[in-house]
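*Asks:* Build me a structure from this.
(one chain, ligands or ions: 2)
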Amino acid sequence: MAKATTLKEQPKTAGDETQELTDGFHLVIDALKLNGLNTIYGVPGIPITDLGRMAQAGGIRVLSFRHEQNAGYAAAIAGFLTKKPGVCLTVSAPGFLNGLTSLAHATTNCYPMILISGSSEREIVDLQQGDYEEMDQLAIAKPLCKAAFRVLHASDIGIGVARAIRAAVSGRPGGVYLDLPAKLFSQMINAEAGKRSLVKVVDPAPAQIPAPAAVRRALDVFKAASRPLIILGKGAAYAQADDAIRTLIEKSGAPFLPMSMAKGLLPDTHPQCAGAARSTVLRDCDVVMLIGARLNWLLSHGKGKTWGEAPKKFIQIDIEPKEMDSNVEVAAPLVGDIGSCVASLIEGMSGNWPLPPIEWTNTVNGKREENIAKMAPRLMNNNAPMDYHGALGALRAVIKEQPDTILVNEGANTLDLARGVIDIYKPRRRLDVGTWGVMGVGMGQAIAAAVETGNGVLAIEGDSAFGFCGMEVETICRYGLPVCIVVFNNGGIYRGTDINSAGPDPATTVFVKGARYDKVMEAFGGIGVQAETPDALKQAVEAALTSGKPTLVNAVIDPAAGSESGRIGNLNPQSALRKK
Ligand SMILES: Cc1ncc(C[n+]2csc(CCOP(=O)(O)OP(=O)(O)O)c2C)c(N)n1
Ligand SMILES: [Mg+2]
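*Replies:* Ligands and ions are numbered 1, 2, ... in the order given. A predicted model of the protein is given here:
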């Protein structure tokens, strides 16, 4: 433990020995640092204000946000990007609850994250006597995360932090809650004993090697395929087994389909990428290898119209055994960490692995070329006001020029269309709304992406999506982060054209017409730009990414251009009653 983080008790009398002491504040900081957790995303207040200050003084980077939910989204995506738990620090009750949405989001998306919240006096909380920010936080957090712990004694901080780290990153990663009552922080213990109580977690996410028989079974099923398909999920991106995954795909010769956050594991322009032939490959394949992708709603549960009539066999690689057979029968479950599973498959494919029948690859390639050609002219229009394709065509060109840029993306049309239009060239360069399709992740993710990687960030935000987290523009300016935000301003949720014919209030889906989101950025000293054409948009974004200065471009989009709920309008329940 560093000298600077210990306290020296003053000798009470001339004869007393000087005893080195430490306390809860310092032990928490030392435990995090010992385990390489060097960044905290949070919002200060009682009882954790001094914890943040001392952490900053002790060499941890502490990023103070304007709302805990955004800090939590930052921590969650930091976990995804680094394979270390992202840490979010909040005050009790309301701050804790604000952070909790992001903790649940992290768990749902399998991102490792630790939400550390200060809490009130246990004795008073448990008797419900009305303490300051009284709430039984541990009980509330438990069903919403992978694990939840409370530390009551300073001497248990080391173990508490170690358990939180292991729970967050081992097996299937997820969110962990760590409850630290106010009293804990000022508890003093002997510094040496404190130092000994800290735990440096050894091998926090141990490799989980798949069984050889399971590997052989998977290869047997894969080899027998006439129309194979490999689907990459964000678990594959998380695994950081990029080279092995590329080798497996190229050796197999099979078309691959990246889920949105797996885009870039292999470039979207790779000859085997079937992103532009999605409906064809899902409908017509006969064997599917899922790598870190779940058969949830985003893949239509592996059945129904999307998947066509022909019977399919599924090979599924996942670290979580319970994932198998979640929606349909899995013929070849391969349970283990993705790196180990993919390495075992490659080993088993040694020698001459047969390429898929040429008819299949020709069919997929034909469809892909056809769809790409169909889209190309729409991406080149320079209309004002812009439509989605014109604006996204411009941004697509910027990402092609600057492929290290991390793209953050949320909205409805703004999300669905950007996902299809913008090619990604490198792993973990696309971050979006994840499994829940949650609005408001954008600014937290943009901040963490810039902080954790040092790369430039382009956040493409629907005007509604931006509204959930827009105040963090101040945070971006305060820390001088290289983030360029483009608000797709169509004046509403899905469209800006709805009219409420029943009274004077605006329709529920529309916002103030002609709003100038660029002025929000200017209010905090960043660069604001109003862009009315794709050319102007491209110029502004190029300048922002080159300068690295916080920038917000208000991209004026035709209010009539979008469609209800983007690509998932079919999920809206319909009323059978006739409209009056
Ligand atoms: C936390 C949360 N609240 C509400 C929603 C419902 N929702 C889905 S998309 C969306 C906003 C879409 O509008 P915008 O971001 O402007 O994108 P556009 O389609 O207009 O391009 C909303 C509110 C959600 N997904 N998440
Ligand atoms: Mg909108």
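*Asks:* and the closest residue to residue 306 other than its chain neighbours, what does it touch?
*Replies:* Closest residue to residue 306 apart from its sequence neighbours, by Cβ to Cβ, 6 or more residues apart in numbering: residue 300 at 4.0 Å. Backbone N, C-alpha and C define where each C-beta goes, glycine included. Residue 300 sits next to 282, 306-307 when contact means Cβ atoms under 8 Å, 6 or more residues apart in numbering.
*Asks:* Filter these down to the buried ones, ChimeraX style.
*Replies:* In ChimeraX syntax, the buried subset of those is picked out as below (16 or more other Cβ atoms under 10 Å):
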select :282,307
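*Asks:* which one of the contacts of residue 300 is nearest residue 452?
*Replies:* In terms of Cβ to Cβ, no member of the contacts of residue 300 lies closer to residue 452 than residue 282, at 33.2 Å.
*Asks:* so the closest one touches residue 307, yeah?
*Replies:* Yes. Applying Cβ atoms under 8 Å, one finds residue 282 in contact with residue 307, separated by 5.8 Å.
*Asks:* Within range of ligand 2, give me the residues from the stretch 351-500 of the chain.
*Replies:* 462-463, 490 (Cβ under 5 Å from the ion).
*Asks:* Which one (most neighbours) among these?
*Replies:* Within those, most neighbours by other Cβ atoms under 10 Å means residue 490, with 31 neighbours.
*Asks:* quick one, phi/psi of the residue nearest to it when sequence neighbours are not counted?
*Replies:* Spatial nearest neighbour of residue 490, excluding adjacent residues (Cβ to Cβ, 6+ apart): residue 557 at 4.1 Å. Backbone torsions of residue 557, given as degrees, to the nearest 10, read phi -110, psi 140.
*Asks:* Verify the assumption that residue 512 is located in a strand.
*Replies:* No. Under DSSP: H, G, I helix; E, B strand; the rest coil, residue 512 sits outside any strand and is assigned coil.
*Asks:* which residues touch it?
*Replies:* Counting by Cβ under 8 Å, 6+ apart, residue 512 makes contact with residue 491.
*Asks:* For it, report the pLDDT, please.
*Replies:* pLDDT recorded at residue 512 is 98.
*Asks:* Quick check: it vs residue 491, distance?
*Replies:* Distance of residue 512 to residue 491, computed by Cβ to Cβ, to the nearest Å: 8 Å.
*Asks:* just residue 521 next, same as before
*Replies:* 19 Å.
*Asks:* So those two - more neighbours on which side?
*Replies:* Between residue 521 and residue 491, counted using other Cβ under 10 Å, the more crowded position is residue 521 (27 against 22).
*Asks:* Disregarding flanking residues, what is the spatial nearest neighbour of that one?
*Replies:* Counting by Cβ to Cβ, 6+ apart, the nearest residue to residue 521 once its immediate chain neighbours are dropped is residue 552, at 3.5 Å.
*Asks:* Helix or strand: which one has that neighbour?
*Replies:* Assigning secondary structure by DSSP states H and E places residue 552 in strand 551-556.
*Asks:* So in that sheet, which strands flank that strand, and in what orientation?
*Replies:* strand 483-489 (parallel), strand 527-531 (parallel) (DSSP bridges).
*Asks:* Just give me the neighbour total for the residue in the stretch 151-300 of the chain that ligand 2 sits nearest to.
*Replies:* Here the residue of the stretch 151-300 of the chain nearest ligand 2 is residue 260; by Cβ to the ion that distance is 18.8 Å. Residues near residue 260, counting by other Cβ under 10 Å, number 22.
*Asks:* Check residue 214 too.
*Replies:* Neighbour tally, residue 214, other Cβ under 10 Å: 18.
*Asks:* With the one 5 residues further on instead?
*Replies:* Residue 219: 19 surrounding residues under other Cβ under 10 Å.
*Asks:* I'd like to know how far it sits from ligand 1.
*Replies:* Separation of residue 219 from ligand 1 (Cβ to the nearest ligand atom, to the nearest Å): 40 Å.
*Asks:* Is it correct that that residue is in contact with residue 345?
*Replies:* Yes. Here residue 219 reaches residue 345: they are 6.4 Å apart, a contact under Cβ under 8 Å.
*Asks:* Look at the residue of the stretch 451-580 of the chain found nearest ligand 1 and report its pLDDT.
*Replies:* Closest contact between the stretch 451-580 of the chain and ligand 1, by Cβ to the nearest ligand atom, is at residue 462 (2.0 Å). On pLDDT, residue 462 comes in at 98.
*Asks:* beta partners for it?
*Replies:* Under DSSP bridges, the beta-bridge partners of residue 462 are residue 488.
*Asks:* All further residue positions should be reported with the first residue as 23.
*Replies:* With 23 as the first residue, the last one maps to residue 484.
*Asks:* Excluding chain neighbours, what is closest to residue 255?
*Replies:* Residue 255 sits nearest to residue 315 (Cβ to Cβ, 6+ apart), 2.6 Å away.
*Asks:* and that neighbour, how many neighbours?
*Replies:* As a measure of burial, residue 315 has 25 neighbours, counting by other Cβ under 10 Å.
*Asks:* how far away is it from residue 490?
*Replies:* For residue 315, the distance to residue 490 - Cβ to Cβ - is 27 Å.
*Asks:* before we move on, what about residue 60?
*Replies:* 28 Å.
*Asks:* Kindly report the same for residue 351.
*Replies:* 39 Å.
*Asks:* Dihedrals phi and psi, the closest residue to residue 423 other than its chain neighbours?
*Replies:* In this structure, residue 423 finds its nearest non-sequential neighbour in residue 564, 7.5 Å apart by Cβ to Cβ, 6+ apart. The phi/psi pair for residue 564 (degrees, to the nearest 10) reads phi -60, psi -40.
*Asks:* And for residue 564, the neighbour number?
*Replies:* Residue 564 has 16 nearby residues by other Cβ under 10 Å.
*Asks:* No further queries at this time; thank you.
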